[in-house]
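# Provided below are the primary sequence and the corresponding predicted coordinates.
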Amino acid sequence: MDSFFDISFRSAIVYLFMIFAIRIFGKKELSQLSITDLVLILLISNAVQNAMVGPDTSLLGGLLAAVTLFVLNYLFKLLLYKSNLFSRIVEGDSYMLIYKGEIIDRNLKSQRITLSEIEAVVREHGVASIQDVELAILEKDGNISVLSKEIKGQTLHQRKSKKLHPKYKK
């Protein structure tokens, strides 16, 4: 029984450490994984495996570690949903990156986003240039939302019908 408690305790500590580490290294990393980020995640998972299960490499030990992680993840999500304070501590805030075609340099710098990265995101959203952006926000989950000046005031139906317009077909 001590072994089961030990595995659960170790798994919980590793889980909390990983949440803290991801929070420290920046939210933009969450939604924009590069090949080096993927390799890092794979290596970290291998590195912390022994820290979670210790000498118990049995099937039951591995399953107990997994169940502990699922339960902790569920509890974290519940706390994030129920508590605004806890949500702000764990997830942080959203940051406005572009407003009415103007880059907000201090927010780009504080979030370590380069000009070339924000330009790429703008293009990914189908907007030709930063000057055509009404609003770009780094969301809590690490995604960057972009609203162009062109769609301001249009209904969803108008935006969808524009895509179907003959001049936009190949």
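Arrived safely.
# run a quick neighbour tally on Asn73.
For Asn73, the neighbour count with other CB atoms under 10 Å is 12. Every residue, glycine included, has its C-beta placed from N, CA and C.
# phi and psi next, for it.
The phi/psi pair for Asn73 (degrees, to the nearest 10) reads phi -60, psi -40.
# tell me the contacts of it?
Contact analysis of Asn73 by CB atoms under 8 Å, 6 or more residues apart in numbering lists Tyr15.
# where does it land on pLDDT?
On pLDDT, Asn73 comes in at 86.
# with Ser116 instead?
For Ser116, the model assigns a pLDDT of 90.
# what of Glu124?
So, for Glu124, pLDDT stands at 87.
# do the one 4 residues further on as well
With respect to pLDDT, Ala128 scores 87.
# okay, now it: neighbour count?
11.
# does it count as helix, strand or coil?
coil (DSSP: H, G, I helix; E, B strand; the rest coil).
# from Ser87, how far off is it?
35 Å (CB to CB, to the nearest Å).
# using PDB, write out every CA atom in stretch 61-80.
This file holds the C-alpha atoms of stretch 61-80, laid out as PDB (Å, rounded to 0.1, in the frame of the first residue of the first chain):
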ATOM      1  CA  GLY A  61       2.300   0.800 -11.000                       C
ATOM      2  CA  GLY A  62       2.100   2.300 -14.500                       C
ATOM      3  CA  LEU A  63      -1.700   2.200 -14.400                       C
ATOM      4  CA  LEU A  64      -1.800   3.800 -11.000                       C
ATOM      5  CA  ALA A  65       0.500   6.600 -12.200                       C
ATOM      6  CA  ALA A  66      -1.800   7.200 -15.300                       C
ATOM      7  CA  VAL A  67      -4.900   7.200 -13.100                       C
ATOM      8  CA  THR A  68      -3.300   9.700 -10.800                       C
ATOM      9  CA  LEU A  69      -2.500  12.000 -13.700                       C
ATOM     10  CA  PHE A  70      -6.000  11.700 -15.100                       C
ATOM     11  CA  VAL A  71      -7.600  12.500 -11.700                       C
ATOM     12  CA  LEU A  72      -5.200  15.500 -11.200                       C
ATOM     13  CA  ASN A  73      -5.900  16.800 -14.700                       C
ATOM     14  CA  TYR A  74      -9.700  16.500 -14.000                       C
ATOM     15  CA  LEU A  75      -9.400  18.400 -10.700                       C
ATOM     16  CA  PHE A  76      -7.200  21.100 -12.300                       C
ATOM     17  CA  LYS A  77      -9.700  21.600 -15.100                       C
ATOM     18  CA  LEU A  78     -12.500  21.800 -12.500                       C
ATOM     19  CA  LEU A  79     -10.600  24.400 -10.500                       C
ATOM     20  CA  LEU A  80      -9.800  26.400 -13.600                       C
END
